[in-house]
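Asker: Provided below are the primary sequence and the corresponding predicted coordinates.
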Amino acid sequence: MARTVSIAQARQGDSHTIQEIGIPSLVLMERAALGATGRLLNGNFDLTNVLIFAGTGNNGGDGLAIARMLHVRDVKVTVMLTGAEDHTSTETAQQLKILHYYKIPVMPASTDLADYTTIVDAIFGIGLDRPVEGKFADWIDAINASSARVFSVDVPSGLNADTGEPQGATVKATATSSFAYAKKGFVTESGKQYTGQLFVEDIGVYLDDHYEA
Ligand SMILES: NC(=O)C1=CN([C@@H]2O[C@H](COP(=O)(O)OP(=O)(O)OC[C@H]3O[C@@H](n4cnc5c(N)ncnc54)[C@H](O)[C@@H]3O)[C@@H](O)[C@H]2O)[C@@H](O)CC1
Ligand SMILES: [K+]
C-alpha cells in the first residue's frame, strides 16, 4: 500500500520544502494543479461545463490554478468562491489576479449547480479545523445532490484527513487527487467512501529527507 501521512506530517513536509529547501509555495501549488488537471483531462469526466467550487485558503488556490489550466485548454470553466475576494490567502489572491487576467468568471458560491457537468471541489483541504455547518453545509449538500461528477482537490471537503470521519457535511467525490502523499484517513473504511478513485500527485514534497514517519 502507498504511504499515508497525517495532517501534521503533510504540513511539516510543505513547510520544510518551502521554508528550508526554498521551493516557493506557488511552485508547489502549480505542480499540484498540473497533476490534478491532468487527471481531469485524461479521466472519465464530462468537461462541457466545469465549475470550480473554491474556498479562500490554499485548497481554493489549487482550484483556481486548475481553472486557469482548463481555461487555456479551451474548457468552459466558472469559479464559485465561498468568501470575499479580499479575504483570501496570499497564494489564492495571486491565483485570483491571474484568473482576472484571463477573464475567467468568478461568482459568489451558490447552491444552483444544475448547469455543470463536472464540479471541482476545492473548498477545504488539510486546513479543515471545525465541523462543516451553515452555508458551507448547504453548498456541500448541493454538490453531492448534483448530477455532475465531483473531483476533489487534495481532500474531499469536510473529511477529517486523519481519521477518515466526516466533520459535518462532506463531499462524496468521484475521484480525488491528493498532493505529495495520500492521507491516513483515506484508507479507513469510512474515508474510502468519500475519496472515490484516489490519485497521488508528486508536487516536489518528500518527507524522508528530514522526517521519520
Ligand atoms: N503551500 C502549501 O502549503 C501547499 C498547500 N496546498 C493546498 O493547500 C491546502 C491547505 O491550505 P490551507 O492551510 O490554506 O487550508 P484550507 O484551504 O484547507 O482551508 C483553510 C480555510 O478554511 C477555513 N475553515 C476550516 N474549517 C472550516 C469550516 N468547517 N467551516 C468554514 N471554514 C473553515 C479556515 O478558517 C481557512 O480559512 C492543502 O490541502 C492543499 O490543497 C497545495 O497547494 C500544495 C502546497
Ligand atoms: K477539497
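Answerer: Cool, the structure landed. Ligands and ions are numbered 1, 2, ... in the order given.
Asker: can we go C-alpha only for contacts and neighbour counts from here?
Answerer: Noted.
Asker: Ligand 1 contacts on this structure?
Answerer: Neighbours of ligand 1 within the chain, by CA under 6 Å from any ligand atom: 14, 25, 28-29, 32, 56-60, 62, 124-132, 154.
Asker: So among those residues, which ones count as buried?
Answerer: Among the residues of the chain next to ligand 1, the ones that count as buried by 16 or more other CA atoms under 10 Å are 14, 25, 28-29, 32, 56-60, 62, 124-128, 131-132, 154.
Asker: thinking again about what came up before, list the ones among the residues of the chain next to ligand 1 that fall in helices.
Answerer: Among the residues of the chain next to ligand 1, the members falling in helices (DSSP state H) are 14, 25, 28-29, 32, 58-60, 62.
Asker: tell me the contacts of the residue most central in space within the chain?
Answerer: The geometric centre of the chain, computed from its C-alpha atoms, lies nearest to Val153 (CA atoms, centre = their mean), at 2.3 Å. When contacts are counted by CA atoms under 8 Å, 6 or more residues apart in numbering, Val153 is found next to 36, 59, 62-63, 120-122, 125, 176-178.
Asker: how about CSV for those, with distance to Gln167 and pLDDT added?
Answerer: Shown next, in CSV, are the contacts of Val153 (distance: CA to CA, whole Å; pLDDT from 0 to 100):
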residue, distance to Gln167, pLDDT
Ala36, 24, 98
Asn59, 17, 98
Asp62, 22, 98
Gly63, 21, 99
Val120, 19, 99
Asp121, 16, 99
Ala122, 16, 99
Gly125, 12, 98
Thr176, 18, 98
Ser177, 20, 98
Ser178, 18, 98
